[in-house]
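Trainee: prediction below, plus the sequence it came from.
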Amino acid sequence: AQSVAQPEDQVNVAEGNPLTVKCTYSVSGNPYLFWYVQYPNRGLQFLLKYITGDNLVKGSYGFEAEFNKSQTSFHLKKPSALVSDSALYFCAVRDVYNNNDMRFGAGTRLTVKP
Amino acid sequence: DTGVSQNPRHKITKRGQNVTFRCDPISEHNRLYWYRQTLGQGPEFLTYFQNEAQLEKSRLLSDRFSAERPKGSFSTLEIQRTEQGDSAMYLCASSQQGETGELFFGEGSRLTVL
């Protein structure tokens, strides 16, 4: 069965600094990987996904993520953090052999301080 | 806005009562998902529909839970004989057919069981 792990419950960065939110995955076949963001009392919003092709994926709000097959990772990055980026971030995986459901990590709370 | 709509947004009930949540997906989306999210956790998969067919159910979905999507459009999630442990945010999401599609989430229905 597929799963994802987000090793950090909390990430704190200063505004203007680069940020990284980590995600590792485990699937039996090729992974389809996703990042979502959740603001307080809101549903999840899609940021970006990796399906195939270029390992560096660009998404909404200046975010990007790098797929690394050898390290089974899909870390979310942004070159310059904004205070408005403060939110809960979820990594998710769908296994091509079990593609009915999407499995989510426990989430990482990102706080960007001015 | 023609996004995913969930009602009610918040339900407070006494233990032992039945509750029903409704989800209206994006109209052209074939797939509809229900997830449960508790505080500090990522969404947990409950069940999934493709059109009107319920194709997968999680072991989390006890006999007290039932979901329907009678005409392949809106869906309902009913919880019978609610327990305090059912208190959570119930999220609905929809997507286009295909394993590469991202999920579009509603804002959730928060259940509080007293």
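Mentor: Everything's here; your move.

Trainee: low-confidence ranges, the chain, go.
Mentor: With no chain named, the answer covers chain A. Along chain A, segments meeting pLDDT under 70 span A:96, A:98-100.

Trainee: to clarify, I was referring to chain B.
Mentor: B:1.

Trainee: and the residue sitting nearest the centre point of it, which of the three is it?
Mentor: What sits nearest the mean C-alpha location of chain B, by C-alpha atoms, centre = their mean, is residue B:34, with 3.3 Å. Recorded secondary structure, residue B:34: strand (DSSP: H, G, I helix; E, B strand; the rest coil).

Trainee: quick one: what helix or strand has the closest residue to it other than its chain neighbours in it?
Mentor: Nearest non-adjacent residue to residue B:34, counting by C-beta to C-beta, 6 or more residues apart in numbering or on different chains: residue B:46, 4.3 Å away. Quick note: C-beta positions are derived from backbone N, CA and C, even for glycine. Here residue B:46, judged by DSSP states H and E, is contained in strand B:44-50.

Trainee: can I assume the residue nearest to residue B:34 is in contact with residue B:61?
Mentor: Yes: under the criterion of C-beta atoms under 8 Å, residue B:46 makes contact with residue B:61 at 5.3 Å.

Trainee: between those two, which one's more packed in?
Mentor: residue B:46 (21 against 18; other C-beta atoms under 10 Å in any protein chain shown).

Trainee: can you give me the strands in chain A?
Mentor: Taking DSSP state E as the criterion, chain A contains strands spanning A:3-5, A:10-14, A:19-21, A:24-26, A:31-38, A:44-50, A:56-58, A:64-68, A:73-78, A:87-95, A:98-104, A:108-113.

Trainee: contact partners for residue B:104?
Mentor: Taking C-beta atoms under 8 Å, 6 or more residues apart in numbering or on different chains as the contact definition, residue B:104 lies against A:46, B:3-4, B:25-26, B:29, B:93-95.
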